[in-house]
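Novice: how would this look folded up:
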Amino acid sequence: MITVIGSSAGADAGSWAGEAALVVDVRGDELTETELDLVEKHVSEGGTRVIVRALGDPGFFGVVRTLEERFGPDGLKVWPGATAVGLAFARLGLPWDDAFVVEGSELNRAVNVCRARPKVAVLPGPGVGPAELGAELVHRVPSRTLVVFSALGDPFRERFERVEPAEAMCRSWEGVSLVLCLDESRAEGPPPVVTGPLTGPGRWALPDGEFGSADGSVLPYEARALALARLGPRVGDLVWDIGTGCGAVAIECARLGAAAVVVEKTASGVERIRANTAAHGVEVRAVHGAAPTVLSHLADPDGVFIGGGGHELKSIVLTAARRSRRAVVVAVTALEQVSPVRSTLESCGFAADGVLLQSQRLLALPDGSSTMAPAPPVFLVWGTR
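Specialist: Coordinates of the predicted model:
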């Protein structure tokens, strides 16, 4: 039997260490192969007690996963301590049932969650710490505060400080236990009805009128539903929305948990996007400029949506396809544009497909009866890696 003890477990658990044949103290959240082999040797001999001591709750991004994979759950007895995330939020007097927790193995995923969500805890890893987060966030979101915890849980060495991303990126950090990324300007929503935040909205492909556009610039919700399905926005993804005019696709992606950027060439369009973003309570960055030129300043996306036509369409699709990690979806209204878009996507290694969407919407008549009214037809062409 292997007894795993969290740092704040009770005295009964801690007293066992004196009776153990082997005591292993975990550095960070993992055991080395040498340590695992040593544990296995003692377990295989039978009758010897092995103690593994770890920080916080070893079942929360901790050593329990490694031990369970090697020895099975029946071979473990776990005494959890308080999680690092719980301790950090407790120090600030904040609840954390609505927080997102990111394991710091990929910087871009951690950054994108911080962009999309107002309350995020980042467990640092190689290349994912306060300086790296600050450098990525400083030019990408208007307001974030980083709270950096060092030696968390140590009664003598623990400390934390609030810093802006610009300050965090310019400093050297050692002994960091956890980083909280907070948007303190965004009000908290109602308490979640289940433990942890809900991962998506109750509905999507919202009615066209919810984006305040009567000039035809909003992508019809029938086409938007399929575009979202092909983009597949997830927590930790980054999506570009180019040329939709009102930001409808980006806002829907943000509601589904992704970080989103809208590129808009008119100042009035940028203001409309910001108003729509505020109305839906999500974080979307609006970039004023013309594609494809302005795209060089953006981080590489996981998915890209492109709306509209114009003489720059092929160049925009080419730029998007070269940089997108997973998917590109293009909405056009002219049949002549379909073939060039498809061939451009295929030339960049995408599997391309498409559809013409022609729908009839239910329309109520003054006498109480109903008829059908045609929605604008849209060609959707998409490419996936």
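Novice: can you tell me the closest non-neighbouring residue to R117?
Specialist: For R117, ignoring the flanking residues on the chain, the nearest one in space by Cβ to Cβ, 6 or more residues apart in numbering is F100 at 4.9 Å. Every C-beta, even on glycine, is put in place using the N, C-alpha and C of the backbone.
Novice: give the bridge partners for that neighbour, please.
Specialist: Using DSSP bridges, the bridge partners assigned to F100 are V120.
Novice: can you count the residues close to it?
Specialist: Counted with other Cβ atoms under 10 Å, residues neighbouring F100 total 22.
Novice: which residues does it contact?
Specialist: 113, 117, 119-121, 197, 235 (Cβ atoms under 8 Å, 6 or more residues apart in numbering).
Novice: quick check: PyMOL command selecting the buried ones in these.
Specialist: To isolate the buried members of the contacts of F100 in PyMOL, using 16 or more other Cβ atoms under 10 Å:
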select buried, resi 113+117+119+120+121+197+235
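Novice: where in the protein is pLDDT low?
Specialist: In the predicted model, the chain carries pLDDT under 70 at residues 8-20, 27-29, 47-48, 187-199, 213-216.
Novice: tell me where the stretch 101-250 of the chain has strands.
Specialist: Assigned by DSSP state E, counting those that start in this stretch, the stretch 101-250 of the chain shows strands spanning 119-123, 145-150, 159-163, 176-182, 238-242.
Novice: I'd say V64 and L76 touch.
Specialist: Yes - using Cβ atoms under 8 Å, V64 is in contact with L76, at 6.8 Å.
Novice: hmm, who's touching stretch 358-368?
Specialist: Under Cβ under 8 Å, 6+ apart, the answer for stretch 358-368 is 220, 222, 370-375, 377.
Novice: give me that answer again for 10 Å
Specialist: 208, 220-223, 369-378 (Cβ atoms under 10 Å, 6 or more residues apart in numbering).
Novice: how long is that stretch end to end?
Specialist: Using Cα to Cα, to the nearest Å, the end-to-end distance of stretch 358-368 comes to 25 Å.
Novice: how about it: buried residues?
Specialist: Under 16+ other Cβ under 10 Å, stretch 358-368 has no buried positions.
Novice: next one: it to chain centre, how far?
Specialist: Put simply, stretch 358-368 sits 39 Å off its chain's centre (Cα atoms, centre = their mean, to the nearest Å).
Novice: what of stretch 155-174?
Specialist: Between the centre of stretch 155-174 and the centre of its host chain there is 23 Å, according to Cα atoms, centre = their mean.
Novice: could you tell me the end-to-end distance of that stretch?
Specialist: By Cα to Cα, the extent of stretch 155-174 from end to end equals 18 Å.
Novice: kindly report the same for stretch 253-263.
Specialist: Terminal residues of stretch 253-263 are spaced 14 Å apart (Cα to Cα).
Novice: tell me if G269 really is in a helix.
Specialist: Yes - if the criterion is DSSP: H, G, I helix; E, B strand; the rest coil, then G269 is within a helix.
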